[in-house]
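K.L.:
Here is the input, now give the coordinates:
(chains A, B, C and D)
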There are 2 protein chains.
Amino acid sequence: MTPQEKELYFNVALCSGLVLFGFDGEELKILIYRKKDDPYRGALTIPSKYVAPDTSNECVVQTMLKENIGIDDKNIYVEQLKAFVKVFRNPLGRVVNVAYYALVKLTPEIEKEAEKRNGLWVKYNEIPDLAFDHNEIISYAKERVKRRVKRRPIGFHLLPKEFTIAQLQSLYEKALDRELDKRNFRKKIFNSNLIIETGNTTDPKEYRKVAKLYRFDEEKFEKLSLKGYDFLF
Amino acid sequence: MTPQEKELYFNVALCSGLVLFGFDGEELKILIYRKKDDPYRGALTIPSKYVAPDTSNECVVQTMLKENIGIDDKNIYVEQLKAFVKVFRNPLGRVVNVAYYALVKLTPEIEKEAEKRNGLWVKYNEIPDLAFDHNEIISYAKERVKRRVKRRPIGFHLLPKEFTIAQLQSLYEKALDRELDKRNFRKKIFNSNLIIETGNTTDPKEYRKVAKLYRFDEEKFEKLSLKGYDFLF
DNA sequence: TCAAAAGTGTTCACTGTACACCCATGG
DNA sequence: CCATGGGTGTACAGTGAACACTTTTGA
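P.N.:
This is a model prediction of the structure:
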């Protein structure tokens, strides 16, 4: 490669975009921000951050998780979506956004933590207009999650350690954007043998009727992951 | 963004990588090259090309199709896989490879054309060691094609206008990397109503027994594509 | 006593899969 | 006459989808 070519081609910026899905037991939400700098000051965006040439995109995603919701945990489920590469995405120059999505269990603390840092949690089905091509990125992320949820038990990343079947079903309904039959859902979940009764129940003060709590069988999950796909909805 | 930041971040090169799948009626193949320049002179690679900051990645893919196999056709099926972004992919600097795959119907002419231009067609299941992370890219592409083939009738992009059921089945077997039952396959294909008997048959000189030729019902295909997924294998 | 959510089985249609033989033709 | 590949139907199991009532308990 000639020096001229080097100057021509090594002239692109790289950034990581993050579609952060959070589930609070009832609602599936996505974290967005109001931009505080140019370009598009004041517009809404998903979390995005430039990547220095000697830093990995995945590292920047971890940094964003730490900065945006205060989570410093390597076990958060993160997966690349694809690159968004349109020429005129950004007025500063050619910026390639390599988009990722991540799944987190929301607690009131995490929600507040993100809001303290100027984040906004918006419902999965009520995404406002965003800057750049970020709406397109979110659509792509939602499709990916729909597909993953149908095939792999990634839903467990979004739930607390112990959860009720109703919470699990609610999550699947939100992610797939359709109602599921309660009896069929339970049959399917129990047949998968991926969840185990913990023996605990919900706090009687919180609900009208106590519900059994379950946890996820990690061993079975590992085997299933290795084998490939299963767990269809 | 400060000028210092601009200098720091706008320092990455962008390239399009292409996993080109071709089917000749019997074998599913991938096109690779022997590299003629540094770095890794002499190593095998998939077609890749730097993208100038004012050019779209998709455009570069079209250019590669033209340069590598002499096909100048906007109807070739092309889809982005994802970005391959490791920091030390390339000794010249940070190069982000946005990988695509494309599907083409191979004729002896196209195969020879590509070979004239130094291309090598390797069988889907006999991929040699490649430079950079190109083996990883091909693995990812194969997984994507497997999934797509199961869900959408993209197989038709790899076949000539008129084809036999045996050719179609052979393609599916190669792509999915397993044998399929002849009767079940025919049942499934005919039930999908996606193919139409043309009334023509194969040339009696070519085969021991003539076989009916079919074509693909584009109208039904459009409807099916819009509706979403179907056509499971 | 009523509203709200937990929990529980059966039936039917469809789809995937396993499986074997006859026919036409060229060598 | 035989090797090759085209073409055809049935039976069984498993899964998806539709569907309604009882129980518990807090308000």
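
K.L.:
CA only for contacts and neighbour counts going forward, please
P.N.:
Noted.

K.L.:
helix/strand/coil for residue A:31?
P.N.:
strand (DSSP: H, G, I helix; E, B strand; the rest coil).

K.L.:
Spell out which residues sit in contact with it, please.
P.N.:
A:19, A:20, A:21, A:22, A:46, A:47, A:119, A:120, A:121, A:122 (C-alpha atoms under 8 Å, 6 or more residues apart in numbering or on different chains).

K.L.:
Go through these and say which is closest to residue B:67.
P.N.:
residue A:19 (37.0 Å; C-alpha to C-alpha).

K.L.:
My guess is that closest one contacts residue A:48. True?
P.N.:
No: Residue A:19 lies out of contact with residue A:48 (C-alpha atoms under 8 Å); the separation is 9.2 Å.

K.L.:
between those two, which one's more packed in?
P.N.:
Of the pair residue A:19 and residue A:48, residue A:19 is the one with more neighbours under other C-alpha atoms under 10 Å in any protein chain shown, namely 26 against 21.

K.L.:
can you tell me if stretch A:13-23 touches chain B.
P.N.:
Yes: for stretch A:13-23 and chain B, the contact criterion (C-alpha under 8 Å from any C-alpha of the partner chain) is met by A:13, A:14.

K.L.:
list the buried ones in that stretch?
P.N.:
A:13, A:14, A:15, A:16, A:17, A:18, A:19, A:20, A:21, A:22, A:23 (16 or more other C-alpha atoms under 10 Å in any protein chain shown).

K.L.:
again, but for stretch A:184-195
P.N.:
Across stretch A:184-195, burial judged by 16+ other C-alpha under 10 Å covers A:185, A:189, A:194, A:195.

K.L.:
Can you tell me the closest non-neighbouring residue to the last one?
P.N.:
Going back to what we said before, that points to residue A:195. In this structure, residue A:195 finds its nearest non-sequential neighbour in residue A:216, 4.4 Å apart by C-alpha to C-alpha, 6 or more residues apart in numbering or on different chains.

K.L.:
In contact with that neighbour, which residues are there?
P.N.:
If you count contacts by C-alpha under 8 Å, 6+ apart, residue A:216 has them with A:156, A:161, A:162, A:194, A:195, A:196.

K.L.:
So which of those residues is the closest to residue B:140?
P.N.:
Closest to residue B:140, out of all of the contacts of residue A:216 and judged by C-alpha to C-alpha, is residue A:156, at 25.0 Å.

K.L.:
Would you mind measuring from the nearest residue to that closest one once chain neighbours are set aside to chain B?
P.N.:
Distances taken as C-alpha to C-alpha, 6+ apart put residue A:216 closest to residue A:156, at 7.0 Å, once the chain neighbours are dropped. Using C-alpha to the nearest C-alpha, to the nearest Å, residue A:216 is found at 27 Å from chain B.

K.L.:
quick one: stretch A:154-168 to chain centroid distance?
P.N.:
Computed by C-alpha atoms, centre = their mean, to the nearest Å, the separation of stretch A:154-168 from the middle of its chain amounts to 14 Å.

K.L.:
So what touches that stretch?
P.N.:
Residues outside stretch A:154-168 that contact it (C-alpha under 8 Å, 6+ apart): A:22-26, A:76-77, A:103-106, A:148-149, A:171-172, A:186, A:198, A:202, A:211-216.

K.L.:
Can that stretch be said to contact DNA strand C?
P.N.:
Yes: contact of stretch A:154-168 with DNA strand C (C-alpha under 7 Å from any atom of the strand) involves A:164, A:165, A:166.

K.L.:
quick one, phi/psi of the first one?
P.N.:
Translated: residue A:164. The phi/psi pair for residue A:164 (degrees, to the nearest 10) reads phi -90, psi 160.

K.L.:
what about residue A:52, neighbour count?
P.N.:
The number of residues near residue A:52, taken as other C-alpha under 10 Å, comes to 20.

K.L.:
list the contacts for it?
P.N.:
Shown here is residue A:52, whose contacts under the criterion C-alpha under 8 Å, 6+ apart are A:14, B:8, B:9.

K.L.:
Now the first one: closest residue in space that isn't a chain neighbour?
P.N.:
Just to be clear, that refers to residue A:14. Counting by C-alpha to C-alpha, 6+ apart, residue A:96 is the residue found nearest to residue A:14 once chain neighbours are left out, at 5.0 Å.

K.L.:
and that neighbour, what does it touch?
P.N.:
By C-alpha under 8 Å, 6+ apart, residue A:96 lies in contact with A:12, A:13, A:14, A:15, A:83, A:84, A:85, A:86.

K.L.:
cool, residue A:48 as well?
P.N.:
Contacts of residue A:48 (C-alpha under 8 Å, 6+ apart): A:15, A:16, A:17, A:18, A:64.

K.L.:
what packs against the helix or strand where residue A:68 lies?
P.N.:
In this structure, residue A:68 sits in helix A:57-69 according to DSSP states H and E. With contacts defined as 3 or more C-alpha pairs under 8 Å, 6 or more residues apart in numbering or on different chains; DSSP states H and E, helix A:57-69 has these neighbours: strand A:13-23, strand A:48-51, helix A:108-116.

K.L.:
so which of the contacts of residue A:48 comes closest to DNA strand D?
P.N.:
Closest to DNA strand D out of the contacts of residue A:48 is residue A:18 (30.9 Å), distances taken as C-alpha to the nearest atom of the strand.

K.L.:
State the helix or strand in which the nearest residue to that closest one once chain neighbours are set aside lies.
P.N.:
Leaving aside its chain neighbours, residue A:18 sits nearest to residue A:100 (4.9 Å; criterion: C-alpha to C-alpha, 6+ apart). Residue A:100 is located in strand A:95-105, with elements delineated by DSSP H and E.

K.L.:
in its sheet, what does that strand sit against?
P.N.:
Partner strands for strand A:95-105, per DSSP bridges, with pairing direction: strand A:13-23 (parallel), strand A:77-84 (antiparallel).

K.L.:
Can I get the shortest one in PDB? Just the C-alpha atoms.
P.N.:
Read it as strand A:77-84. The C-alpha trace of strand A:77-84 is given here as PDB (Å, rounded to 0.1, in the frame of the first residue of the first chain):
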ATOM      1  CA  TYR A  77     -24.800 -11.000  27.500                       C
ATOM      2  CA  VAL A  78     -23.400  -8.900  24.700                       C
ATOM      3  CA  GLU A  79     -23.500  -9.800  21.000                       C
ATOM      4  CA  GLN A  80     -22.600  -7.900  17.800                       C
ATOM      5  CA  LEU A  81     -25.500  -7.000  15.500                       C
ATOM      6  CA  LYS A  82     -23.700  -5.700  12.400                       C
ATOM      7  CA  ALA A  83     -21.900  -2.700  11.200                       C
ATOM      8  CA  PHE A  84     -23.800   0.400  10.100                       C
END
